[in-house]
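>>> The sequence and its predicted three-dimensional model are supplied below.
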Amino acid sequence: MTKLSPQAFLGYAILALFVVLSLLPLWMSLKIGLSYPTDVFGDAERLGMTSLTFGNVLRVMGLPSDIQLTAFRAAPIDFTVALRNSLIYTVLTVTGQIFFSALAGYAFARMRFPGRDLLFFAFLAAAMIPGIVLFIPNFILVKDLGLLNTFAGMVAPTILMTPFAVFFLRQFFMTAPKELDEAARLEGASAFQIFWRVALPIQKGPIATLAILLTINSWNDFFWPFLVGRDPDVRVMAVALADFISQTGRGTPDWTGLMAAVTLSTIPVLVMLVVFGRQIVESLQTSGMK
Amino acid sequence: MAAKTRVVTRAGRRRREAIAGLLFVAPATVGFLAFYLLPTVRAFQISLTDWSLLRAPNVVGLANYRRMIGDPAFWHSAWVTLTYVLYNIPLQTALGLLLAVLSDRLARSVALRAVIIAPYLMSNVVAGLVWMLLLDPILGLTNAWLAHVGLPRQGFLSSPDEAMASVAAISIWRNTGLTALLFYAGLQAIPKHLYEAARLEGADEWSMFRRITLPLLRPVLAFVLVTSLVGSFQVFDVIAVTTEGGPAQSTRAILWYIYENAFKFHKMGYASAISVTLFSVLILVTLLQMRLLRADHSDLD
């Protein structure tokens, strides 16, 4: 066995510190979320569980629970509905954006049509516009269309395209071999059939990568849904959490309820990380390599 | 005759391809026109009006921009945002670089990188709430640990002097893993034989880092620096859940100020003027990025 040099030892110690700092906050939120409200005080330092109950999780999901808080503290936010809304919002934006961006990316890479290069340049330039510039006019548009507090209004700005998705997919269609397309064309396949049956299936890998990146973003979206989707029927997890903390007050929040709700939002993500860790890490690594 | 038919079919094929191409880009183009191009134009238009959404907009020319220049609250929010950026960027970049180099040299397992990236997979809202608990003056772990090393209780998010630094710390906690991952990917593109050659010549770790790693990582460094810089100027989510611009306006960053003007005070014109100004500043930053990236194009040759 080789002996560790002092430098390497220090390096491992720093890495271990990063691991602890990454996970400890998530563990503490889990611990509080699964504790009885009365055990939270005077127990700040304890890293292990004092008590174990799913009562808080049940009560923030609107289910019968053995933990009853007084009416003032118990904010009536149903996180089961919020979880469902996050799921609907994420599935709609991710699938819509990938499908329509793939159509456009394929056309930009493979087909000749008038205005192609100008349009693609305009799409690229749109990537530089910060969200806040778009949010105010988009809010007014969605409001004028009567789509405030609907999923249609929430997904409208991103379901048809984002500059990033179009650019990302175009890059991959550019480098794919053209021979298969030609062969399908000679057999009389229509342009859409070639796209759907031949060109798209080759890009399974890049599409999975893009789906992972977009899912992370959509699941965590806050500002836009916060502006247009405040109604409990459409409110996503992030917005519901923000509303929960403003209802219970920042001074003395309902910590166990809040952390139970946080846990509900983080557990699906952590399960995904355990199952698809390698794919998630590799997808994020490519996101900087433009 | 045969040649003529071929010409006709080729022209016909071109036309069919053009029509198909236009149909393919049509949905994305609708999205682009309705939610990118139109709102950008409207943002400029609205910034020239006095509009509460209740009555028809009233064109006021450049009055909103003049007002902005004389508005101490605007300059305060610009200053507060700048302090956030100055806390955030150097620390996040340095920590990300340290983490990337250490895992590249000592622990290349994907499991480690999956753990390091976990905070980034949480929303800013979740990160904000979890740290509100940890930084709580009474219940928080942080103050309990400070007490052990003999330091007094800190207000963190509830103290005007510490709130913005606390918000920056929360962002650093969430984003350092992603920064490290991007640097790690960049490190993989550096040929290993350069390090072997340097080691043969007796170079130590620090001089290899300075002479090989840093120069060859510069394109990735430029990309990460500018995207995180552009993102930092738009800090909002963490502030919205933890401090709402307080205490004593100490975390009223530029996006929070725009949000307040538009959606609390219903001054759409003034809010748009500030967002258009921010847009111009960020374009300058982005153009600078492009120059940096192109300048470093040939480092690997």
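That came in fine, so what should we check first?
>>> Wait, a helix at residue A:64?
No: according to DSSP: H, G, I helix; E, B strand; the rest coil, residue A:64 belongs to no helix; its state is coil.
>>> tell me which element the closest residue to it other than its chain neighbours is part of?
With C-beta to C-beta, 6 or more residues apart in numbering or on different chains as the criterion, residue A:64 has its nearest non-adjacent residue at 6.8 Å, and that residue is residue A:58. Just so you know, the C-beta spots here come from the backbone N, C-alpha and C atoms, and that holds for glycine as well. For residue A:58, the enclosing helix or strand under DSSP states H and E is helix A:55-60.
>>> Could you list the low-confidence segments of the chain?
Using chain A here. Confidence mapping of chain A against pLDDT under 70 gives the ranges A:1-3, A:42-44, A:69-75, A:288-290.
>>> oops, chain B please
B:1-8, B:290, B:293-301.
>>> let's see 50
For chain B, applying pLDDT under 50 flags the ranges B:1-2, B:298, B:301.
>>> can you give me the strands in it?
Remark: strands assigned in chain B by DSSP state E are B:49-50, B:58-59.
>>> What is the neighbour count of the residue nearest to residue A:64?
Using other C-beta atoms under 10 Å in any protein chain shown, the number of residues around residue A:58 comes to 15.
>>> wait, what's in contact with it?
Counting by C-beta atoms under 8 Å, 6 or more residues apart in numbering or on different chains, residue A:58 touches A:64, A:65, A:67.
>>> can you check residue A:157 too?
A:134, A:138, A:224, B:31, B:35.
>>> if we take those residues, which one ends up nearest to residue A:202?
Lowest distance from residue A:202 to the contacts of residue A:157 (C-beta to C-beta) belongs to residue B:31, with 24.9 Å.
>>> Look up how far residue B:38 lies from the closest one.
Going from residue B:31 to residue B:38 by C-beta to C-beta, to the nearest Å gives 11 Å.
>>> Now tabulate the strands of chain B in TSV and tack on mean neighbour count and distance to residue B:98.
Output for those, formatted as TSV (neighbours: other C-beta atoms under 10 Å in any protein chain shown; distance: least, C-beta to C-beta, whole Å):
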stretch	mean neighbour count	distance to residue B:98
strand B:49-50	18	49
strand B:58-59	11	53
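>>> and chain A, which of those is closest to it?
strand B:49-50 (11.7 Å; C-beta to the nearest C-beta).
>>> elements contacting the closest one?
Packing partners of strand B:49-50 (3 or more C-beta pairs under 8 Å, 6 or more residues apart in numbering or on different chains; DSSP states H and E): strand B:58-59, helix B:268-295.
>>> Give me the sheet partners of the first one and which way each runs.
So that's strand B:58-59. When pairs are called by DSSP bridges, strand B:58-59 turns out to pair with strand B:49-50 (antiparallel).
>>> centre of the chain versus the partner strand, how much separation?
Computed by C-alpha atoms, centre = their mean, to the nearest Å, the chain-centroid distance of strand B:49-50 equals 30 Å.
>>> mind listing what the closest residue to chain B within the stretch 151-290 of chain A touches?
Per C-beta to the nearest C-beta, residue A:160 is where the stretch 151-290 of chain A lies closest to chain B, at 2.8 Å. Residue A:160 makes contact with A:96, A:97, A:100, B:27, B:28, B:30, B:31, B:32, B:35, according to C-beta under 8 Å, 6+ apart.
>>> Go again with 6 Å.
Neighbour list for residue A:160: A:100, B:27, B:28, B:30, B:31 [criterion: C-beta atoms under 6 Å, 6 or more residues apart in numbering or on different chains].
>>> next one: residue B:148
Counted by C-beta under 6 Å, 6+ apart, residue B:148 has zero contacts.
>>> In PyMOL, how would I select just the buried ones from the contacts of residue A:58?
Buried subset of the contacts of residue A:58, written as a PyMOL selection, criterion 16 or more other C-beta atoms under 10 Å in any protein chain shown:
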select buried, chain A and resi 65+67
